[in-house]
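Trainee: sequence-free structure coming up:
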Ligand code: NDP
């Protein structure tokens, strides 16, 4: 197991991609702490990992709040001792044309997807630097790399987190830390179910046709699985992956070819 002896904090670890990442890191030997606003959900996910024989903990955290991230840092210190790996996965999405995007919605999306990774990275990266080893993986999106209609706030937030990834990679390159982003296309999670529901509401299509309309924009005509994303995240955390730094790894079945 390549991560034996390492510890990891995964934000948004209660479901979807975050839960799969927690499982993949635990399977590689890391002791993990799952954080999200819904304590019951992260507790259930941690319990499930515990039943599989892994050490997993849960903590409530809203990544948009400095005080909450500080509490997460304190919980991590008492539960794990130190944090070697941070996966900034917590995220949220919505869609609307620019003219009907409210400032509140813009700020909400930016706070979770861009400010959250900044606050969490700032909380944990100093300890990694002191010990001379660390991994930060930001779960960004293909929308970190391209623009398309009706997702201005989400796209801006995901471009922001990629910019932040590159700066953090540069600042900590000499401290034994790598900071990378993964950029998935549509993944089979609740977030995509909600996207399908938004298409249904806007177009009147039934669920099957709404999903088909989304998949029409996807090269492999399928959703990416959470395990495919978790595999790449865990690979970036491996000891031998230290040379990969400041990168944005696209996981979309070959849609974005640049
Ligand atoms: P889900 O909606 O299934 O899960 C999102 C997770 O983030 C939940 O655990 C949620 O828990 C947590 N979260 C949301 N807001 C906050 C907050 N303020 N503080 C702490 N935790 C929070 O989404 P996915 O698993 O699909 O998405 C995970 C990441 O992957 C996101 O960053 C998303 O943008 C990105 N992504 C997803 C794609 C997809 O197609 N699904 C494609 C590309 C990228 P809670 O609500 O309890 O806080």
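Mentor: In hand now; what should we look at? The structure displayed is predicted, hence computed values, not measured ones.
Trainee: Okay, strands next: where are they in the stretch 151-258 of the chain?
Mentor: Along the stretch 151-258 of the chain, counting by DSSP state E, counting those that start in this stretch, strands occupy 177-184, 248-251.
Trainee: Just send the ones you listed back as CSV, with mean neighbour count and mean pLDDT too.
Mentor: Where C-beta positions appear, they are placed from N, C-alpha and C, glycine not excepted. Formatted as CSV, the strands of the stretch 151-258 of the chain follow (neighbours: other Cβ atoms under 10 Å; pLDDT from 0 to 100):
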stretch, mean neighbour count, mean pLDDT
strand 177-184, 25, 98
strand 248-251, 20, 98
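Trainee: closest to the ligand out of these?
Mentor: Of all the strands of the stretch 151-258 of the chain, the one in closest proximity to the ligand, counting by Cβ to the nearest ligand atom, is strand 177-184 (4.0 Å).
Trainee: any idea which element residue 86 lies in?
Mentor: strand 85-88 (DSSP states H and E).
Trainee: ok, the closest residue to the ligand within the stretch 51-200 of the chain - contacts?
Mentor: As assessed by Cβ to the nearest ligand atom, the ligand sits closest to residue 91 within the stretch 51-200 of the chain, at 2.1 Å. By Cβ atoms under 8 Å, 6 or more residues apart in numbering, the contact set of residue 91 is 12, 112-113, 116, 139, 191.
Trainee: Go again with 6 Å.
Mentor: Residue 91 is in contact with residue 113, counting by Cβ atoms under 6 Å, 6 or more residues apart in numbering.
Trainee: The one 10 residues further on too?
Mentor: With contacts defined as Cβ under 6 Å, 6+ apart, the neighbours of residue 101 are 152-153.
Trainee: any idea how far it lies from residue 31?
Mentor: 41 Å (Cβ to Cβ, to the nearest Å).
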